[in-house]
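1. my questions are about this predicted structure, shown below with the sequence.
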Amino acid sequence: MASIETSFLGLKLSSPVIVGSSGLTGQAKSIAGLAEAGAGAVVLKSLFEEQILAEAAAEAGKGGVVYGHEDLDGFVSYYTRKHSIGEYLRLIKDSKAACRMNTPRLCVGFPLYHGPQALL
């Protein structure tokens, strides 16, 4: 079979097929399936600070807890941030373990894209 390797933004990809952020990219198992089907890269959903804060506010309203107490605000915000970021990092780790896409990268969420050095 002919090689269809390519490069994109300086990244070597096994295939020119790049799966955009969608419901298909939210679980390691489905990402592994995409890689097996020939995807050269997968774009994960972004993790936004606003999303984390919204989750913290929603969690605080559960179980009759009154949101707005200073100590509670700090705890819920810390817990939710840690939990959300941990889940996101777990998705990246599990996805890498489940498939063999050779260049996993994260684009750090700066206001402006700063070129390849912004890729980890």
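-> Done, it's in. Numbering: from 1, shown residues only.
2. where do the strands sit along this structure?
-> Taking DSSP state E as the criterion, the chain contains strands spanning 6-8, 11-13, 18-19, 41-42.
3. so residue 88 makes contact with residue 26?
-> No: with contact defined as C-beta atoms under 8 Å, residue 88 does not count as touching residue 26 (10.4 Å). Just so you know, the C-beta spots here come from the backbone N, C-alpha and C atoms, and that holds for glycine as well.
4. if I look at residue 15, how far off is residue 98?
-> Relative to residue 98, residue 15 is positioned 17 Å away (criterion: C-beta to C-beta, to the nearest Å).
5. could you verify my assumption that residue 14 touches residue 1?
-> No: in terms of C-beta under 8 Å, residue 14 does not count as a neighbour of residue 1; the distance is 11.9 Å.
6. so where is this structure shaky, pLDDT-wise?
-> The chain contains residues with pLDDT under 70 at 48-53, 55-83, 102-120.
7. which residues touch residue 27?
-> By C-beta atoms under 8 Å, 6 or more residues apart in numbering, the contact set of residue 27 is residue 91.
8. gap between the nearest residue to residue 13 once chain neighbours are set aside and residue 54?
-> In space, not counting the residues next to it along the chain, residue 13 is nearest to residue 40; the distance is 3.5 Å by C-beta to C-beta, 6 or more residues apart in numbering. Per C-beta to C-beta, residue 40 is found 33 Å from residue 54.
9. buried deepest among the strands of the chain, which one?
-> Most buried of these by mean neighbour count (mean count of other C-beta atoms under 10 Å) is strand 41-42; its value is a mean of 22.
10. paired strands for that one, with orientation please.
-> Each strand pairing with strand 41-42, determined using DSSP bridges, is listed with its direction: strand 18-19 (parallel).
11. which residues touch the strand it pairs with?
-> The contact list for strand 18-19, computed with C-beta under 8 Å, 6+ apart, reads 8, 25, 34, 39, 40, 41, 42, 43.
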